[in-house]
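A.B. asks: Would you be able to build a 3D model of this:
(chains A and B)
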Amino acid sequence: MKKIITISLLSLLSTAAMGASFLDSVNRTKWGDLDVVWIEDNKFPRFNAAIYFQDGSLSDPFSGLTQGTFDQISSGTSKESEREISEFFDFYGADLKHTVTHEYSVFSVQGLTKDIGPVMGKVCELFSDAQYPQKELISYVSRSKSRLKNLVTSHSALADRIFRQISLTETPYAVPVEGTLATFDKLNQVGLKERLAELNNAKKVLYLTGPSDIKKLEDVITKKCNWSAKSSYKNLVLKKPSSQSAIYLVPVPGANQAQIRIGRYVIPDEIKGKYDHFSFLAGFLGGGFTSKLVQELRVKRGLTYSAGAYVSMQRDYGRAGIMTFSKNESAAEAISIIRDIFQDVTAKKFTPEEFKHQQGHQIGGFSFTFEETHAFLSQIMLYDHQQRDLKELVNYPDLIASLTPEALSQANLEAFPWERLTIVVVGDKSLEKSLSRIRPVRILNYQDYL
Amino acid sequence: MKFWLVLFALLMGCSSVTEKKTLSENIHIDVEELKLDNGLTALIVRNPKLPIFSLQLFYKVGGKNEVPGITGASHFLEHMMFKGAKKYGKSTMDFIIEGSGGSTNAYTTNDQTVYYENLPSTQLEKILDIESDRMENLLLDVDDFNKEREVVLEERKMRYENSPRGQLYLEMMQTLYKGTPYGRSVIGDIPDLKSVTREQIFKYFKRFYAPNNATLVLVGDVDISEAKSIIKEKFGKISSSPSVEEAHKELKEEDFVPKWTIHQTLAKKGESPNPIFMMAFPTYKAGHSKGYSLDVLSSIIGSGKSASLINQYILVEKPIATSMYSAHQSLEKSGFFFVGGELVRGVKLPEFREDLLKRLGGFCDSEITERNIQKVKNNYLTGLYGGLDTNAGLGSFLGERQLIFNDWRFYKKELDMYEKVTVNDVKAVCKEAFLKPSVFVSVWNMHK
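C.D. replies: Sure, this is the predicted structure:
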């Protein structure tokens, strides 16, 4: 026992030291108006630059505007066509990606260090001179509509989309980031250019990794991008979600499985100072093969192939949820088991071994956080957005080690109170009868959520 | 020895390199090899950056080794490998691995089954003990077997019946390779999954799960001599399989040659409201020199926003498709080049197919240029870095080559071949490939 404690303490100490050394490798500086966070990584001659915009789809007058602004940013400038631009980036092997959330957006570029000048120079051109040509816009709208109509073939993606809208219905976060069939036609050149101008003025942070010579990027950014950075973030204050009295069933053609989504949105006050509690909870419930959900649903009963849980936060809201799927015949049973699991965890009906096992899982796995530098930087970006101290990240193993079973139970009670959880099932219409034994069923038409 | 990856000069069109070394000369990976008397091959690479490692165990068994009646055996067995062995019984292994902060999973293909773990470096001896235990003494408990059958059936639904793309790929493979070992579904046919017995799977396990049919790859913060010593101790006592070589010899290359000689067209009813399609052409097995030119061809016509297919079918005023892609897949015994995508409603499939064939032929002259080839090489390099950025990525890179070519160093030949690919090479394979009969499969809810 003493040996185990000594080894555990030593392990914690070395993990903490490692985390602290990675924290020391994070450099913060300013290039003009742009905040820069960079970590030197000399493993390969390539760079990864992620530009965080403190502005997202919450600013959209209609669904999909910010998404469309980023999606079509390379569709043409005053000097070059879409094909010429894509030819340029493809030739350099540069990979451009973007993500839009409600609260923020990220535009990232990955490429070879020796080409950082021309590649990032071109990125700056896009942000300063994107024209959103009409012909390309028409094509984009057509493709977007088609893709969305085809969502019915991916029951899992459809379930995610509908669950989001239903569970967040009392908030502006319910509006889809990607756009809807009804709003794609509102996209126009003027609106897109105006939105791009707003993004260019938004507060930005550059998260950068690569060999030391990537610092020459400073010249390119300050001279070519001409970004300014006004912090315009407006905090939203949400109320806790209200009680839920129904199961929402979404019939889809040809469904021989039921996609199940259970959860709620979370407000910052519920989670502040206890991120580690909820993160631990998510892992305990659905993080890995030995997690509670997988053990109960798959291993013991063979009801599903996979199950997961999450508790994640942006700045002004977050989400806590369960996702799984099952045969139509066993969907109601799966939901009942999930409800029982929530009740058991709240009532502290789990063994000390189960608890310690999850502690070992999360503490032991901490080192993997730092294996890929750009992934570590993404974590830092999220912490910065949430306005959390990075010390919380490196102290995570200590925080988990000091958690108690009571804290886990309390977190579960707060995150997953059954009466406040939204339940959405995408599957066959025949599920109505079995599901009605759990809660009254409301039938939804999936097309209303496209 | 330390893990050491050096990239000194790059073969770039826009580079200012003064010293011209080949790509293979400049990528050096320090691999320590170990071969046991029972046939097990182990590759070890030290990377002390973080106190973690990746372990992968490649078994040379997959869908192609099955016969009608036991299709899906390799994949079912993959599931059962997590259900306990003699020393580490039911539900023990996952708890040990995840409880220490690690993760584990596996996958099955037509050619191989691969088990992989990522763990803190303190767990080396434990995981090698677990892997040797299940290689030698898998339990295959009857209750677990029957429960897992249901899980596999649900997985099949998720991957095929409920996924139009999964359905499309399966139909394409079954048509392209009809009558050959590659023409079976890796997950298995439903009647076989429902009827296969524990004894049949056990017999399959004994034949193929042996040290002389396995490659072990270890990358991370490990002491090389300690690792070698533990591997010898844990795996050295396991007997080799006397019949596995015979099993591999039974599969002759001519068995994998597609049997049809005229164009094949298949229209399957599925849940996709827009038609999705794949067009496939038979090519060459892994390692064939023409395969590298075909890889380059697939990137030119189907990768990136500037790709030929994207520009001709999507980024036009009236898009014909919402997505298009192409790839060249080299399996151990055969290969195929395929083009796929999702069409917008209203496109007539027979006309589209004819148009696609015509344009593919046209690409052989119009799209194969020095610049496009250089573009592909540049992208290959950035992709290579991405793939090697983690212990698991490097382990996979080495293990694949050891398994298929019996030589992890084959990556050097591959890099040389990519580097030497010329416009004429790609034009030649392009014309050759697209002149052959093809398979065209579509899935759509409007098909009967």
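A.B. asks: and the strand or helix carrying B:Lys358, what other elements does it pack with?
C.D. replies: Per DSSP states H and E: B:Lys358 is located in helix B:349-366. Applying 3 or more CB pairs under 8 Å, 6 or more residues apart in numbering or on different chains; DSSP states H and E, one finds that helix B:349-366 makes contact with strand B:276-282, helix B:289-302, helix B:308-313, strand B:335-343, helix B:423-435, strand B:439-444. In this view, the C-beta of every residue, glycine as well, is placed from N, C-alpha and C.
A.B. asks: Show me what counts as buried in the helix or strand following that helix.
C.D. replies: Scanning forward in sequence from helix B:349-366 by DSSP H and E, the next helix or strand is helix B:370-387. Buried residues in helix B:370-387, counted by 16 or more other CB atoms under 10 Å in any protein chain shown: B:372-382, B:384-386.
A.B. asks: picking up where we left off before, so which of the helices and strands packed on helix B:349-366 comes closest to A:Ser75?
C.D. replies: helix B:308-313 (12.8 Å; CB to CB).
A.B. asks: just the strands in the stretch 101-250 of chain B please.
C.D. replies: Ranges of strands in the stretch 101-250 of chain B, per DSSP state E, counting those that start in this stretch, are B:103-108, B:113-120, B:214-220.
A.B. asks: could those strands be laid out in a markdown table, adding mean pLDDT, mean neighbour count and distance to A:Asn200?
C.D. replies: Listed next are the strands of the stretch 101-250 of chain B as a markdown table, based on pLDDT from 0 to 100; neighbours: other CB atoms under 10 Å in any protein chain shown; distance: least, CB to CB, whole Å:
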| stretch | mean pLDDT | mean neighbour count | distance to A:Asn200 |
| --- | --- | --- | --- |
| strand B:103-108 | 96 | 17 | 41 |
| strand B:113-120 | 97 | 23 | 41 |
| strand B:214-220 | 98 | 28 | 43 |
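A.B. asks: near chain A, which residues of the stretch 251-400 of chain B?
C.D. replies: Proximity of the stretch 251-400 of chain B to chain A (CB under 8 Å from any CB of the partner chain) is limited to residues B:270-274, B:303-307, B:311, B:314-319, B:322-323, B:342, B:344-345, B:371, B:374-375, B:378-383, B:385-386, B:388-391.
A.B. asks: So how do I select the buried members of those in PyMOL?
C.D. replies: Typed into PyMOL, the line below selects the buried ones among those, using 16+ other CB under 10 Å:
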select buried, chain B and resi 270+271+272+273+274+303+304+305+306+307+311+314+315+319+322+323+342+344+374+375+378+379+380+381+382+385+386+388+389+390+391
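A.B. asks: out of the helices and strands packed on helix B:349-366, which comes closest to A:Ile335?
C.D. replies: Across those, closest to A:Ile335 is strand B:439-444 (CB to CB), at 31.1 Å.
A.B. asks: tilt between the closest one and strand B:335-343?
C.D. replies: Angle of strand B:439-444 versus strand B:335-343, following axes from the mean of the first three to the mean of the last three CA atoms, to 10 degrees, is 30 degrees.
A.B. asks: Please work out which residues outside strand B:439-444 touch it.
C.D. replies: Identification of contacts with strand B:439-444 by CB atoms under 8 Å, 6 or more residues apart in numbering or on different chains yields B:164, B:167-168, B:171-172, B:175-176, B:260, B:263-270, B:272-281, B:349, B:353.
A.B. asks: Show me what it pairs with in its sheet, parallel or antiparallel.
C.D. replies: strand B:264-269 (parallel), strand B:276-282 (antiparallel) (DSSP bridges).
A.B. asks: Out of those strands, the one nearest A:Ile39 is which?
C.D. replies: Going by CB to CB, the one of those nearest A:Ile39 is strand B:276-282, 41.4 Å.
A.B. asks: Now whichever residue of chain B sits closest to chain A: closest residue in space, sequence neighbours ignored.
C.D. replies: Residue of chain B nearest chain A, by CB to the nearest CB: B:Gly101 (1.8 Å). Spatial nearest neighbour of B:Gly101, excluding adjacent residues (CB to CB, 6 or more residues apart in numbering or on different chains): A:Gly364 at 1.8 Å.
A.B. asks: got the buried residues for stretch A:327-346?
C.D. replies: So, applying 16+ other CB under 10 Å, buried residues of stretch A:327-346: A:327-328, A:330-335, A:337-339, A:341-342, A:345-346.
A.B. asks: Thank you, goodbye.
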